[in-house]
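Asker: give the three-dimensional model of this entry:
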Amino acid sequence: MSGNPNWLEGLSHTPHPDTWSYDKAGGNIVCPSAKGGTRPLIDMRGWGYLTGHGHGALGLTLKEGRKEQDVLAEFLLQACRAAAAKPEVKP
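Answerer: Residues are numbered from 1 along each chain as shown. Below is the predicted model of the structure:
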């Protein structure tokens, strides 16, 4: 893909981070699919840790857990977009 930073060159089938979005319903960061629609790119994990009540879990309410996942997903999107905007930065 021309115009992409060097670290994106190996991801020839993955669209540029500027096209990624967060699917709150599915809990995934998604990107456009070559076949139409979107496809999962990053699976947001950790729901059991956030809302569970077992050893080491945080025991957050569903609302609090969702907020934490949403904030983390937005952070990841912004970090990937910032890295893609600076060709000299490689994650």
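Asker: mind naming the longest helix for this protein?
Answerer: helix 62-85 (DSSP state H).
Asker: counting by contacts, list what that helix packs against.
Answerer: When contacts are defined as 3 or more CB pairs under 8 Å, 6 or more residues apart in numbering; DSSP states H and E, helix 62-85 packs onto strand 21-23, strand 28-32, helix 47-51. Every C-beta, even on glycine, is put in place using the N, C-alpha and C of the backbone.
Asker: redo that, cut-off 6 Å
Answerer: Under the contact definition 3 or more CB pairs under 6 Å, 6 or more residues apart in numbering; DSSP states H and E, helix 62-85 sits against helix 47-51.
Asker: now the helix it packs on - C-alpha only, PDB.
Answerer: The C-alpha coordinates for helix 47-51 follow below in PDB (Å, rounded to 0.1, in the frame of the first residue of the first chain):
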ATOM      1  CA  TRP A  47     -14.700  -8.800  30.400                       C
ATOM      2  CA  GLY A  48     -14.400 -11.500  33.000                       C
ATOM      3  CA  TYR A  49     -11.600  -9.600  34.700                       C
ATOM      4  CA  LEU A  50     -13.600  -6.400  34.700                       C
ATOM      5  CA  THR A  51     -17.000  -7.700  35.900                       C
END
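Asker: start to end distance for stretch 40-56?
Answerer: 28 Å (CA to CA, to the nearest Å).
Asker: quick one: Thr61 from Tyr49, how far?
Answerer: 14 Å (CB to CB, to the nearest Å).
Asker: in terms of neighbours, single out the busier of these two.
Answerer: Counted by other CB atoms under 10 Å, Thr61 and Tyr49 do not tie: Tyr49 has more neighbours, with 15 against 10.
Asker: now do Ser12, the pLDDT please.
Answerer: pLDDT, the model's per-residue confidence, is 60 for Ser12.
Asker: find me the pLDDT at the most centrally placed residue in the chain, would you?
Answerer: Nearest to the geometric centre of the chain sits Ile29, at 3.9 Å (CA atoms, centre = their mean). Model confidence at Ile29, given as pLDDT, is 94.
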